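Participant: build me a structure from this.
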Amino acid sequence: MKDHADNLKETFWKRLDDVTAGMLEVEPGRSIPMSPYGDPGENAVWFITSDGSEAYEAAQSGKAASFTVAEQNAKLYARVEGSLAVVNDKAKLDELWSPVAASWFKDGREDEHVRLICFRPGNAEIWATDGGAGFLYEISKANLTEKTPDLGEHASVSF
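Facilitator: Numbers count the residues shown, from 1 in each chain. Sure thing, here's the model as predicted:
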C-alpha cells in the first residue's frame, strides 16, 4: 500500500510537466531561472543550458543544488534538494529539445554551446494544491471560522 509521500511524489512528477520555469539554486543565495524537463523513470530533472553558464559550471563540479517551483497553473509548490551533473547524451538532448530551448541559442540545436545537465532529486518538501475555486473557498472559510485553510497535500519526501 502506498503512503501519502509516495502519492505526493507521483503528483510532483505529473505536475512538473506543466511547470514552465523554476529557480535552480547553484550556490547559497544564487538562483537561476531554468525550464525543467521531468523524467520520473530516471528520477531526474533535466535542464538545457550553455557551457560557461553558472548552472553548467556547478554541474561540472557535481555540486549540490536545489530547485524551487512555485507554479500556480500546475498547482505545485516545492523545494527539491539534489545534485547536478553534466550528461553528454545526444539522444536525450534531441528528445528534450523544444522551441523554448532553441530560442536561447543562436544556431538552435546545432549551437556548439548547448549542454545538458541532470538534477537528481534527493529530498523535497512539496505542496500540491487544488487551486482555483477550492482555494477561494478555503480562504473564505478560514476567515469566517477559527480553522486554518486546507490548501491541499503537503509532505517531505525522499526520491
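Participant: ok, which stretches of the protein are helices?
Facilitator: 4-16, 54-60, 90-96, 99-102, 132-144 (DSSP state H).
Participant: lowest average pLDDT across those?
Facilitator: Here the helices of the chain differ in mean pLDDT, and the lowest is helix 132-144 at a mean of 56.
Participant: in the chain, where is pLDDT below threshold?
Facilitator: Applying pLDDT under 70 to the chain picks out residues 1-5, 131-142, 144, 148-151.
Participant: report the longest strand in it, please.
Facilitator: strand 114-129 (DSSP state E).
Participant: mind listing what's buried along it?
Facilitator: For strand 114-129, burial by neighbour count (16 or more other C-beta atoms under 10 Å) applies to V114, R115, L116, I117, C118, F119, P121, A124, I126, W127, A128, T129. In short, each C-beta sits where N, CA and C put it, glycine included.
Participant: for the residues you listed, work out which two are farthest apart.
Facilitator: Farthest-apart pair in the buried residues of strand 114-129 is V114 and T129; separation 34.8 Å (C-beta to C-beta).
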